[in-house]
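J.: Below are the sequence and a predicted model; questions follow.
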Amino acid sequence: MSNRATTVVTMLGKPKKRQLNSVGKKMFCNKKIICLICSSVRSLWKALAFLMLVSIGYNEFLINLLQSLKWSNINCQSSNCTRILFVADSQILGDTNDYSWISAVANFDSDWHLKKTFAHAFAHARPDVICFLGDIFDEGSSADDTQYQRYYERFREIFQMTVDDKTDSPQVIIVPGDSDIGQFGGNSPKVNRFRKMFYEKEMWLGKGNIIFYNINRITHEMPSYDSDNKHDNYTRIFLSHLPILESDEKFSKKVNIKDNKLTKSFRKRNRIKSKQFAAKALETFKPHLIFSGHHHQSLIMKTKLKRLHSPEIPNSLNNDKKTAYAMNKFNIDDIFENNEVLEIYIPTCSYRMGEMDIGFGYAVLDNQNLFYTVLWTTQRFYQLSFYLFLLFIVVFYILVIKIPDMIVYIGNRLIGRESYKNDRPYRYLPL
C-alpha cells in the first residue's frame, strides 16, 4: 500500500505541463505582443509628457536668457553717456475684429512674449531713456474709449520698468503711429486721446544735452520754432513713427491705405504735403540723428540734405547672420559737418507682424559718438510650431489608441464580463 500511495503522490506532485495547441500558442503570442506594444505606448506617453514640460520651461524662460547672452554690451567711455532703448511697432492686439476664444489666446500669448523679451532687453540696456516709436496698439485708431483704456492697462502690464534703489527710473518718451491715431492727418479726438493717455509732448530734454523732437508725419505737426533758443549746444534727435528721409513715392506706397474711396488727387496732395513737411522739419531743426519705425525691419539711410527725397533705398542693418549682434559706431560730428543726415529704422518687437526677425533698438550716445545695435529676440513662430507638433501627437494618441481601448473597456463592464482585465492589458495603459 505504501508503494502504491507513494506512486500516486509522486504522480500528483509532478503534474505534467499543459500542452498548448497551435491556437492557444497564437493567442498567447498575440497577447504578449499587445502587452509589449501597450507598454511601449505608456513609455512613449511618459516621454511625451516629460518632453512637453522641458519644452515649456525652455521656450518660455530659458531660451530668452540664452538669447540675451548674444547681445552686444556697450560700455560708456564717459560719465555723460546716455543709454537709449527703442521700442517700435509693439502692435498690442485688440478685440474689435474677433471675439472668439482664439483671439483671447492670441492676445495672451502676444502680450506674454512682449513682456518677457522687453524685461530682458530692459535689464541688458539699463536705459536712461526709453523711446516708443508709435503703433503701440494694433487697433488703437478704431477702439472706443473703453477698449482704449483696456489696451492702455495691458500696455502698462507688458512694459514694466523695474529698477533698484540705486538706479533712477528711465525717462519715457512715446510718439504715436498711424495705428494709434489714424492715417492722413489723424483724427482730432483720437489724437487728443493719445496725448492725454501717454503725455505726448512737442519735445523732451534728455540726459547729456540731448533734445528729442516729436516729428509727426501723420498729423504734419512739429515743435514750435524759437529763434532765440536754437538748441545749438544740444544733440538734436528726431523721433518719428513714419520715416523722414524716404522719398514721397516710397512713402505713399508704404502707408497702409484702408479707405478705397480716397481720390488720386487727395493722395497726391497728401504726398506733396508730407514731402514739404519733412523738408521743413529738417531745414528748421537740423537734426543730428533720426530714429523711426513703421517698416518693421532694421534699416539705415544716410543721405546728403541736398539730395533729400531722392529715390534712395534704405540699407539693411544688423540683418546678416554674421553681423546680427555687431555694434555699429557713427561719429555725429562727422555726419553733421558733411551735411548729411542719418536715419535708423527700428525693427518691430512683435512676432504678430509676421517678421521673422524681431527685436529692440539699443543706442548709446557718448562724446559725440553713436553706438548702436539691435537686441534681437527669439522667434515665437518656431516655438508655437513645436507646441502644435506636440499637440498633434497627443491628439493622435487619444483618438487612435486611448478612445478605442476605453470603448472596449466600457463595453466589457456593461455586459458583466469579469475577465475584461485579463482579456485586454489595461494595466499597461494610463487611465
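T.: Looks like it arrived, so ask away. Numbering: from 1, shown residues only.
J.: for the closest residue to residue 61 other than its chain neighbours, helix, strand, or coil?
T.: Once flanking residues are discounted, residue 61 sits nearest to residue 116: 8.0 Å by C-beta to C-beta, 6 or more residues apart in numbering. C-beta here means a position set from N, CA and C on the backbone, and glycine is covered the same way. Put simply, residue 116 is helix when judged by DSSP: H, G, I helix; E, B strand; the rest coil.
J.: Give me the pLDDT for residue 116.
T.: pLDDT recorded at residue 116 is 95.
J.: cool, residue 251 as well?
T.: Per-residue pLDDT puts residue 251 at 46.
J.: what do you get for residue 50?
T.: So, for residue 50, pLDDT stands at 83.
J.: Quick check, residue 167 in contact with residue 123.
T.: No. Counting by C-beta atoms under 8 Å, residue 167 stays clear of residue 123, with 11.1 Å between them.
J.: just to revisit the earlier point, separation between the residue nearest to residue 61 and residue 65?
T.: Distance of residue 116 to residue 65, computed by C-beta to C-beta, to the nearest Å: 10 Å.
J.: Same drill for the two, tell me which one is more crowded.
T.: Shown here are residue 116 and residue 65; by other C-beta atoms under 10 Å, residue 116 has more neighbours (19 against 10).
J.: In the stretch 51-200 of the chain, where is pLDDT below threshold?
T.: Applying pLDDT under 70 to the stretch 51-200 of the chain flags the ranges 97-101, 165, 184-187.
J.: run the last query once more with 90
T.: 51-61, 75-80, 94-106, 139-144, 161-169, 182-189 (pLDDT under 90).
J.: how about the helices in it?
T.: Using DSSP state H, counting those that start in this stretch, the helices of the stretch 51-200 of the chain run over 63-68, 101-125, 145-158, 178-181, 188-198.
J.: Of the ones you listed, which is nearest residue 371?
T.: Among the helices of the stretch 51-200 of the chain, helix 101-125 comes nearest to residue 371, with 11.6 Å by C-beta to C-beta.
J.: what's the angle between that closest one and helix 145-158?
T.: Inter-element angle recorded for helix 101-125 and helix 145-158: 40 degrees (by axes from the mean of the first three to the mean of the last three C-alpha atoms, to 10 degrees).
J.: Mind jotting down where the strands sit in the stretch 1-150 of the chain?
T.: All strands of the stretch 1-150 of the chain, identified by DSSP state E, counting those that start in this stretch, fall at 82-87, 129-133.
J.: Any chance of these in CSV with distance to residue 331 and mean neighbour count as columns?
T.: Shown next, in CSV, are the strands of the stretch 1-150 of the chain (distance: least, C-beta to C-beta, whole Å; neighbours: other C-beta atoms under 10 Å):
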stretch, distance to residue 331, mean neighbour count
strand 82-87, 16, 24
strand 129-133, 21, 25
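J.: now these in JSON lines, with distance to residue 388?
T.: Output for those, formatted as JSON lines (distance: least, C-beta to C-beta, whole Å):
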{"stretch": "strand 82-87", "distance to residue 388": "29"}
{"stretch": "strand 129-133", "distance to residue 388": "32"}
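J.: got a list of what residue 379 touches?
T.: 351, 356-358 (C-beta atoms under 8 Å, 6 or more residues apart in numbering).
J.: Any quick PyMOL command for the buried ones out of the residues you listed?
T.: To isolate the buried members of those in PyMOL, using 16 or more other C-beta atoms under 10 Å:
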select buried, resi 351+357+358
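J.: Domain map for the protein?
T.: Here the domain parsing of the chain from automatic domain parsing is 23-69+383-431, 73-378.
J.: Comparing those, which comes out most buried?
T.: domain 73-378 (a mean of 18; mean count of other C-beta atoms under 10 Å).
J.: now do the same end-to-end measure for it.
T.: In domain 73-378, first residue to last residue: 18 Å (C-alpha to C-alpha, to the nearest Å).
J.: quick one: it to chain centroid distance?
T.: Here domain 73-378 is found 16 Å from its chain centre; the criterion is C-alpha atoms, centre = their mean, to the nearest Å.
J.: where does residue 335 land in three-state SS?
T.: Of the three states, residue 335 takes helix according to three-state DSSP.
J.: In contact with it: list those residues for me.
T.: Residue 335 neighbours (C-beta under 8 Å, 6+ apart): 288, 302, 341-342.
J.: Tell me if I'm right that residue 172 and residue 130 touch.
T.: Yes. Judged on C-beta under 8 Å, residue 172 makes contact with residue 130 at a distance of 5.2 Å.
J.: Common neighbours of those two, please.
T.: Common neighbours of residue 172 and residue 130, using C-beta under 8 Å, 6+ apart, are residue 161.
J.: quick one on the thing from earlier: identify the contacts common to residue 167 and residue 123.
T.: Residues touching both residue 167 and residue 123 (C-beta under 8 Å, 6+ apart): there are none.
J.: picking up where we left off before, among the strands of the stretch 1-150 of the chain, which is nearest residue 380?
T.: Here strand 82-87 is closest among the strands of the stretch 1-150 of the chain (C-beta to C-beta), at 16.6 Å.
J.: spatially speaking, which residue is in the middle of this protein?
T.: Taking C-alpha atoms, centre = their mean as the criterion, residue 350 is the residue nearest the geometric centre of the chain, at 3.3 Å.
J.: Help me confirm that it comes into contact with residue 360.
T.: No. Using C-beta under 8 Å, residue 350 is not in contact with residue 360, being 11.0 Å away.
J.: picking that back up, to residue 110, which of the strands of the stretch 1-150 of the chain lies closest?
T.: Between the strands of the stretch 1-150 of the chain, strand 82-87 lies closest to residue 110; by C-beta to C-beta that is 14.4 Å.
J.: Output the contacting helices and strands for that closest one.
T.: Contact here means 3 or more C-beta pairs under 8 Å, 6 or more residues apart in numbering; DSSP states H and E; on that basis strand 82-87 packs against helix 101-125, strand 129-133, strand 359-366.
J.: quick one: residue 111 from residue 138, how far?
T.: The value you get for residue 111 to residue 138, if C-beta to C-beta is used, is 12 Å.
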